[in-house]
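Asker: pasting the sequence and the predicted coordinates here, then a few questions.
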Amino acid sequence: MAEYKKVTPYDSTQESKKKQVTSMFNKIAPFYDFLNRLLTLRIDVLWRKKAIKLLRKNSPKNILDIATGTADMSIMAAKILSPDSIIGMDISSEMLRVGQAKVDKKSLSDIISLEIGDSENLKYSDGQFDTIMAAFGVRNFENLEAGLSEMNRVLSTGGTCLILEFSKPSVFPLKQLFNIYFKYILPVIGKLTSKDPKAYEYLYESVQVFPDYDNFTSILKKTGFKDTSYKSLSFGICTIYLAKK
């Protein structure tokens, strides 16, 4: 497939995408959960729940939650799947700080450990996890194939990879409404609430260039995964991707 365009949060700086994404999430961390619920009308909670429930049949024991952010996926997975352990990893220390407070409040620190780390250079052993999941995070990788290859490396043979990511709806008029909302309305709300409008302009731009649907499953196969599939949610606004090693 053709190389897709890469976008960064802050065009005016020469820093790498990785550094820019880290800085962006550190800035918006205190507002992240509130804005997620507001901007998606809490549908993001349902998306996560639907995705995690697909893992039930596998009875996962050791889960890695890539780009865990404020630990929403880890917390929900702990409740629904009852695994032995979950490591939630993220590049943003401020997002993890917010996430740790949530984990402690729900008394889940015996199951969930939050760690800072780089998704494209994982510190974990080959085949360490039977399940890897990532919600709205792979879109922010500086090198998508490198990040996915690392996820494949630390996944055990026969293990499951679950990725939840924004996608582009193609049905009229939802496609047009989606573009108007994400491109014009969402950055205004983001500016008023988080004081960082670029973060929400970047959200729209990164969704537009992300290789979704069949394009993404092709990259999953290229990076070592098999049995790839996807399921669109909310008329294509979000997509669940599943793959095996």
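Answerer: Perfect, I can see it now. Numbering: from 1, shown residues only.
Asker: rest of the way, CA atoms for contacts and neighbours
Answerer: Will do.
Asker: which residues in this protein form strands?
Answerer: Using DSSP state E, the strands found in the chain span residues 62-66, 85-90, 112-116, 129-135, 155-166, 226-233, 238-244.
Asker: which stretch among those strands comes nearest F210?
Answerer: Smallest distance to F210 across the strands of the chain (Cα to Cα): 8.5 Å, for strand 155-166.
Asker: turn the strands of the chain into TSV, columns for mean pLDDT.
Answerer: Output for those, formatted as TSV (pLDDT from 0 to 100):
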stretch	mean pLDDT
strand 62-66	98
strand 85-90	98
strand 112-116	98
strand 129-135	98
strand 155-166	98
strand 226-233	97
strand 238-244	98
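Asker: okay, the ones you listed in a markdown table with mean neighbour count next?
Answerer: Output for the strands of the chain, formatted as a markdown table (neighbours: other Cα atoms under 10 Å):
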| stretch | mean neighbour count |
| --- | --- |
| strand 62-66 | 24 |
| strand 85-90 | 24 |
| strand 112-116 | 19 |
| strand 129-135 | 24 |
| strand 155-166 | 22 |
| strand 226-233 | 16 |
| strand 238-244 | 22 |
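Asker: in JSON lines: these, plus distance to F34.
Answerer: Shown next, in JSON lines, are the strands of the chain (distance: least, Cα to Cα, whole Å):
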{"stretch": "strand 62-66", "distance to F34": "21"}
{"stretch": "strand 85-90", "distance to F34": "19"}
{"stretch": "strand 112-116", "distance to F34": "21"}
{"stretch": "strand 129-135", "distance to F34": "17"}
{"stretch": "strand 155-166", "distance to F34": "18"}
{"stretch": "strand 226-233", "distance to F34": "22"}
{"stretch": "strand 238-244", "distance to F34": "19"}
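Asker: and those strands: which comes nearest E201?
Answerer: strand 155-166 (14.4 Å).
Asker: relative to strand 62-66, how tilted is the closest one?
Answerer: Relative orientation of strand 155-166 and strand 62-66, computed by axes from the mean of the first three to the mean of the last three Cα atoms, to 10 degrees: 40 degrees.
Asker: what's next to strand 155-166, contact-wise?
Answerer: Residues outside strand 155-166 that contact it (Cα atoms under 8 Å, 6 or more residues apart in numbering): 48, 51, 126-139, 207, 237-245.
Asker: any idea how far L186 lies from G236?
Answerer: 18 Å (Cα to Cα, to the nearest Å).
Asker: what does Y10 give?
Answerer: Counting by Cα to Cα - Y10 and G236 are separated by 27 Å.
Asker: with V98 instead?
Answerer: On the measure of Cα to Cα, V98 and G236 end up 30 Å apart.
Asker: again, but for D126
Answerer: Taking Cα to Cα, one finds D126 at 34 Å from G236.
Asker: more neighbours: which of these two?
Answerer: G236 (19 against 15; other Cα atoms under 10 Å).
Asker: so in the protein, which helix runs the longest?
Answerer: helix 17-40 (DSSP state H).
Asker: residues of that one that come out buried?
Answerer: Going by neighbour count (16 or more other Cα atoms under 10 Å), the buried part of helix 17-40 is 17-18, 20-33, 35, 39.
Asker: quick one: low-confidence residue ranges for the protein.
Answerer: Applying pLDDT under 70 to the chain flags residues 1-5, 12-13, 190, 193-195.
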